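Peer 1: requesting a structural model of the entry that follows:
(3 chains)
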Amino acid sequence: MKELEILPIPLIQWYHENARVLPWRSDPTPYHVWLSEIMLQQTRVAAVLDYYRRFLEELPTVADLAAVEEERLMKLWQGLGYYNRARNLQKAARQVMETYGGVFPGTYEEILSLAGVGDYTAGAIASIAFGVPVPAVDGNVLRVVCRITGDEGDITRPDTKNRIRKALLDTMPKAFPGDYNQALMELGATVCLPNGAPLCEKCPARAFCVAHITEQTGRLPVKAPKKARRVEKRTVFLIFHEGKVALRQRPKKGLLAGLWEYPNEPEADVGQLAEWGITPLCLDHGGTGKHIFTHIEWHMSALAVEAADGHLPDGWVWADRRALQERYALPNAFQSFMGLALDRTEETSEF
DNA sequence: AACTCGGGGAT
DNA sequence: ATCCCAGAGTT
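Peer 2: Numbers count the residues shown, from 1 in each chain, chains lettered A, B, ... in the order given. Sure thing, here's the model as predicted:
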């Protein structure tokens, strides 16, 4: 592993010259670093920027986050995905308030004990916000290290990840662990790109990178193939009455847990409305939509319904246009029906 | 170890 | 279409 011993100085030099200007780098308090790291889990920098700004604008401190209404929290997270990150974020904020008296803990083990914080995120917060010399091994770091050292290990395997974490711990510059960890990630995000398209001419490790020298960047890192998605057909019901649309809340666990949605069922028809006690006055096609999750693909066909009266099953709500836009958190899966819903809802005085 | 959990941008 | 992203929690 002698490549990792040579790496720190040229990499840190490169990082100081090429680091992107990012909002969580300008004032890296533990709260800022933590929030950014949670938002950045499996999510690109570009997708996070606006969410990060809006979130801190409304919830500038850990205490604010601990106290905010869940419905408002989910609205702030709407569209970012992996919604349990938001719930765990608040759970952890309450841990910080109650267990640590409102002061963000500074050791790797304490940070790791927070909800939603795993070994990567604990390492990132500890090193960046507190200067603790621990690695932060994400997908970028695995790719960079496997290429530079010519590691053939399957990066989807925990033992490969643990081996690389240990190698980094033994070779990282202990004086500036935060910059080193961020430099590894920055290199992976901007130069050592995936899918065999790295910009090796720009890489500070090009002189000693095993994958570059032996022309194996297209093959490394080794990664086991992932399982195929399953397709689900769903019928979506856009039910209107007096300028409002019917919404229901999804179950507390599982896919899109706790978010609001237009009622939908697997391959249902108008008969479904009777089961809900809804009398359709007129029916239209509401268009179609496709949404691709990581492991599921929804093919949706919508029915637009004008209801004869205001009756709905327990727990469902009538949302006017403003509530649809500003109150209820809907997943992006239903975005293709938003245009029709907005057309057929009205602003009302209620909220 | 395998599975679940979003959404989007790049190729 | 496929890959993969500053991964973590559950089973």
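
Peer 1: okay, CA-based contacts and neighbour counts for the rest of this
Peer 2: OK.

Peer 1: is DNA strand C within reach of the helix or strand hosting A:Q182?
Peer 2: If you go by DSSP states H and E, A:Q182 is part of helix A:177-190. Yes. Using C-alpha under 7 Å from any atom of the strand, we find that helix A:177-190 touches DNA strand C at A:182, A:185-186, A:188-189.

Peer 1: which SS state does the nearest residue to A:P30 once chain neighbours are set aside fall under?
Peer 2: Nearest non-adjacent residue to A:P30, counting by C-alpha to C-alpha, 6 or more residues apart in numbering: A:A129, 5.2 Å away. Here A:A129 takes the helix state, with states given by DSSP: H, G, I helix; E, B strand; the rest coil.

Peer 1: roughly how far apart are A:A129 and A:W34?
Peer 2: Distance of A:A129 to A:W34, computed by C-alpha to C-alpha, to the nearest Å: 9 Å.

Peer 1: tell me which other helices or strands the helix or strand that contains A:A341 touches.
Peer 2: Assigned by DSSP H and E, A:A341 belongs to helix A:338-344. Of the remaining helices and strands, those touching helix A:338-344 by 3 or more C-alpha pairs under 8 Å, 6 or more residues apart in numbering; DSSP states H and E are strand A:244-249.

Peer 1: quick one: contacts of the strand it packs on?
Peer 2: Contacts of strand A:244-249 from elsewhere in the structure, counted by C-alpha atoms under 8 Å, 6 or more residues apart in numbering, are A:238-240, A:258-263, A:312, A:315-321, A:341, A:344-346.

Peer 1: partner strands of that strand, with direction?
Peer 2: strand A:230-241 (antiparallel), strand A:260-261 (antiparallel), strand A:317-319 (antiparallel) (DSSP bridges).

Peer 1: to DNA strand C, which of the ones you listed lies closest?
Peer 2: DNA strand C lies closest, by C-alpha to the nearest atom of the strand, to one member of the strands paired with strand A:244-249: strand A:230-241, at 10.8 Å.

Peer 1: neighbours of A:D314, how many?
Peer 2: Counted with other C-alpha atoms under 10 Å, the neighbours of A:D314 add up to 8.

Peer 1: oh sorry, the question was meant for A:A268
Peer 2: 16.

Peer 1: go ahead and confirm it touches A:F237.
Peer 2: No. Between A:A268 and A:F237 there is no contact under C-alpha atoms under 8 Å: 9.3 Å.

Peer 1: where do the strands sit along the stretch 251-351 of chain A?
Peer 2: A:260-261, A:264-266, A:280-292, A:296-307, A:317-319 (DSSP state E, counting those that start in this stretch).
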